[in-house]
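*Asks:* Predicted structure and sequence below. I'll ask about it afterward.
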Amino acid sequence: MQRSTRRLVAAGAVVLSAALAVPGAANAHDALHWTSVAATPDVRGLAAPNTLSPELREYTVAQGSLKLENPTAQVPYYGYDGDGTLLPDPKLTAQPTEASKTEPDKNTYLRLRGLHGADPAYDYGTRFLFQGHEAGVTGYLTRINLDADAAHRATLLTTTLSNGKPIPAIDGSTWDPWNRHLFFSAEGGPGGGLYQATPDINATVDDLAAVAGRGGFEGIQNDSAGDVWIVEDSGGATPAGSKAKDPNSFVYRLVPYDRTDLTKGARLQALQVMSARTHTPITFTPIDAAHPTGGIFTDDQSDLSNYGTTFDTRWVTVHDTRIDVTGQPFDANAAAKAAGATPFKRPENGQFRPGTGFREFFFDATGDTNLASDANAGFGGFGGVYRLTQDGPTADHGQLRLFYRGDQAHTGLDNVTFIDRDHVAFVEDAGDTLHAQRNALDSGYLFDVRTDHAGGAQPVRFLGEGRDASATLDNMLGELGNGFQNEGDNEITGIHMSDGDPTTGGILGAKVPEPFEDGWRLFWTQQHGDNNTWEIVRR
């Protein structure tokens, strides 16, 4: 039924695309128009559906209660652990009263041949969506088999690393076409890092901490040279008397010595931004008696957080496996600080703009996600989006500029994907505190990168996320404060537009997407609650 629906939608999409095309336009998607919708109010105890631009619709490709084709006692479902009932059991007084929810995170879509599952006689097709899981009893990796029936729809790839240790909580993912592995990132600060995995059942997963280091890694993307760009999300300390957090996260570029085998070593670099006032590096300022507000309320942080300033940048090497030959993990965040790299307020994800030869990289800063933050007024508390431009992906120098400054209605920006050359989608993970403060749940926004937002222009809200019944219940249970372990805020994660091309020519940013045409597909995950993963299609 779902495959037939996709064929009908695809046929209709061709007609709609032709109707929207602008005669003589240089870019067929200059007329990519999605109508803005309202944000969903945060009303205690009220479940609400998602709202999409009327030009779009969505359907689930997997949900948390979907039984894995190869379940274990610990991990029986796509998005739920086996430590309780799928909804709270009112007869239970001991915790947990419901199963832990595993939070499938960043999606990676691939068209691959010859993959297997638990059933050796079954043809699993060629179209797959991969995830790591961020929470629950254990981290694990799953694959949604998009061509398969319900019994074979979701496959557990593995719960352990190649050394037998448990997989950590996973955030980001991407595909590396040179070494034919998936990359997964773990956001766990000193316990986080970068991992590579084979894409089939019983996957082999290797820890790359000796090469990439430990850090709060989240966003990961390849460039055309085979480098791996890593965006870190490590929250900073809060100074006494303030409700803001210190900038404490870095943007990295991992330059392998052999792009077909990262275990042979690499140089880890971090982005350094030069002050527009002094042309000296903007560096991490520790919080101590001499600097009671850290690096938050400085002229440089004000410049970084507001429109109109262009900064020179350069990449500084923070670790080199040819110098450190111990083969041991290292603290990437501490190394970046020691090398004088520039910290940001929780950048989480980034992506190269298609059609630019990997010369433009957009990344977000989540900010403080708190309306009470005293950094909101001009010092990056609401976060925003940055545009880094270079002569090429391997260039040592570039320029950085604030593309979009966040505000109360557009903050907590997290995942990102380009819809076509000129339109990029950023989605929110604002958290329940901010949801209640502003009386609005998370939203997804479509930005035109040709727009100068300094004049007040705002993006299109194409997704007003609701809150499913399970998350609504968890939201209320969490207020009891007696050990209910599941988060009650549905958040938007894993927004991902791809045609699934697994070759070097298919790296995100190498091709200009044809939204909903020629095999280009758009996915996102409604994390927490029912843990639904959706596909968005053109109406």
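*Replies:* That came through fine.

*Asks:* going forward, measure contacts and count neighbours with C-alpha atoms only.
*Replies:* Will do.

*Asks:* Which helix or strand contains the closest residue to Phe363 other than its chain neighbours?
*Replies:* Counting by C-alpha to C-alpha, 6 or more residues apart in numbering, the nearest residue to Phe363 once its immediate chain neighbours are dropped is Gly350, at 3.9 Å. Here Gly350, judged by DSSP states H and E, is contained in strand 347-352.

*Asks:* Pairing partners for that strand, with directions?
*Replies:* strand 360-365 (antiparallel) (DSSP bridges).

*Asks:* Can I get stretch 186-202 in PDB? Just the C-alpha atoms.
*Replies:* Output in PDB follows, covering the C-alpha atoms of stretch 186-202 (Å, rounded to 0.1, in the frame of the first residue of the first chain):
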ATOM      1  CA  ALA A 186      28.000  10.400  20.200                       C
ATOM      2  CA  GLU A 187      27.300  13.700  22.000                       C
ATOM      3  CA  GLY A 188      28.500  12.600  25.400                       C
ATOM      4  CA  GLY A 189      31.100  15.300  26.000                       C
ATOM      5  CA  PRO A 190      34.200  13.500  27.400                       C
ATOM      6  CA  GLY A 191      32.500  10.200  26.600                       C
ATOM      7  CA  GLY A 192      31.400  11.200  23.100                       C
ATOM      8  CA  GLY A 193      33.200  10.600  19.800                       C
ATOM      9  CA  LEU A 194      33.000   9.300  16.300                       C
ATOM     10  CA  TYR A 195      32.300   5.700  15.200                       C
ATOM     11  CA  GLN A 196      32.200   3.900  11.900                       C
ATOM     12  CA  ALA A 197      29.800   1.000  11.100                       C
ATOM     13  CA  THR A 198      29.200  -1.400   8.300                       C
ATOM     14  CA  PRO A 199      25.600  -1.100   7.000                       C
ATOM     15  CA  ASP A 200      24.400  -4.700   7.200                       C
ATOM     16  CA  ILE A 201      23.000  -6.800  10.000                       C
ATOM     17  CA  ASN A 202      25.500  -7.800  12.700                       C
END
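
*Asks:* what residues does it touch?
*Replies:* 115-118, 155-158, 168-172, 180-185, 203-209, 212-218, 232-234, 331 (C-alpha atoms under 8 Å, 6 or more residues apart in numbering).

*Asks:* give me the low-pLDDT residue ranges for this structure?
*Replies:* 1-31, 93-95, 286-294, 481-483 (pLDDT under 70).

*Asks:* To which secondary structure element type does the residue in the chain sticking out farthest from the centre belong?
*Replies:* Distance from the C-alpha centroid of the chain, by C-alpha atoms, centre = their mean, peaks at Lys91 (37.8 Å). Following DSSP: H, G, I helix; E, B strand; the rest coil, Lys91 is assigned to coil.

*Asks:* And Ala436, by the same measure?
*Replies:* helix.

*Asks:* ok, Met274 - contacts?
*Replies:* Contacts of Met274 by C-alpha under 8 Å, 6+ apart are Thr280, Pro281, Ile282, Phe311, Asp312, Thr313.

*Asks:* Tell me what it is bridged to.
*Replies:* Bridge pairing for Met274 - DSSP bridges - gives Pro281.

*Asks:* show me where the stretch 51-200 of the chain has strands.
*Replies:* Secondary structure of the stretch 51-200 of the chain, counting by DSSP state E, counting those that start in this stretch: strands at 51-52, 56-62, 108-111, 127-132, 141-145, 154-158, 173-176, 181-186, 193-197.

*Asks:* Tell me which strands the fifth one pairs with, and in which orientation.
*Replies:* Read it as strand 141-145. strand 127-132 (antiparallel), strand 154-158 (antiparallel).

*Asks:* I'd like those strands written out as a markdown table, with mean neighbour count and distance to Thr417 added.
*Replies:* Formatted as a markdown table, the strands paired with strand 141-145 follow (neighbours: other C-alpha atoms under 10 Å; distance: least, C-alpha to C-alpha, whole Å):
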| stretch | mean neighbour count | distance to Thr417 |
| --- | --- | --- |
| strand 127-132 | 24 | 15 |
| strand 154-158 | 25 | 24 |
